[in-house]
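For reference, the sequence and a predicted model appear below.
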Amino acid sequence: MLKRFLGARDPSATAPVEVPSQQEIETLDATMLIGFLCEAECITPMNRQEAKIAASYMRARQYADGEIILKEGDSTSTSYMLWILDGEAVVEALSADLSTPITVTVLGPGTTLGELSLMDGGARSLTCTASSHTRCAMLSKRMLQNMMLDQPEVATKLMSIVLMGVSVRLRDMTEKLKRYVRLNQTMSEELRETMTMQVLR
């Protein structure tokens, strides 16, 4: 599986992924990204030189206020992830009737988007929309493959940072789910008590 993910080194991997409706900017604000990578919590933290190497494999993207960054259900543009450099992204999920979006969270500078689809190739699970002018660093699958082949230690540390971010968000979602379950149980018990009282009358 790892061999299939790595593949052969692609000389064109440094070229930006073609993503409709996204405006590419000429240079990546590497200083900001390097700072995020060095400060990120992970098993083995990155030093500044390693962060510079990681940043050199990425490209920059910018999004206007209200522009969709990632769209729920999109199965065609899944080969990249993003680091938010500045601005914010509102993360939403479609409701059960598939018409009303529900806000899940708001992500700001230093957080990542789209890492799950990058790894498994699956469709985007949530919609992320820029809530202001937002700049991001983009890492494509090909760029990551090249980094793994050229700089395996740096790539390992980078993926450790990504994994830590996923872990934090997963724990947060788990806590929200627990609160929802407890609320649902409380409401169900109150409903049963109300129905029992009505029957007894």
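That came in fine, so what should we check first? Residues are numbered from 1 along each chain as shown.

Only C-alpha atoms from now on, for both contacts and neighbour counts.
Noted.

What segments of the protein are strands?
Counting by DSSP state E, the segments of the chain that form strands are 23-24, 59-63, 68-70, 80-86, 89-94, 101-107, 112-113, 127-130, 134-140.

Give me the contacts around stretch 117-126.
70-76, 78-81, 91-94, 114, 116, 140-141 (CA atoms under 8 Å, 6 or more residues apart in numbering).

Would you mind measuring the gap between the ends of it?
11 Å (CA to CA, to the nearest Å).

tell me the average confidence for it?
Averaged across stretch 117-126, pLDDT comes to 90.

same question, stretch 82-99
Averaging pLDDT along stretch 82-99 gives 85.

and it, how far out from the chain's middle?
With CA atoms, centre = their mean, to the nearest Å as the basis, stretch 82-99 stands 10 Å off its chain's centre.

for stretch 123-140, same thing?
8 Å.

buried stuff in it?
For stretch 123-140, burial by neighbour count (16 or more other CA atoms under 10 Å) applies to 123-132, 134-140.

For residue 165, find the nearest of the strands of the chain.
The closest of those to residue 165 is strand 112-113. By CA to CA, the value is 7.4 Å.

elements contacting the closest one?
Strand 112-113 sits against strand 80-86, with contacts defined as 3 or more CA pairs under 8 Å, 6 or more residues apart in numbering; DSSP states H and E.

how far off strand 134-140 does the strand it packs on point, in degrees?
Angle, strand 80-86 to strand 134-140, by axes from the mean of the first three to the mean of the last three CA atoms, to 10 degrees: 150 degrees.
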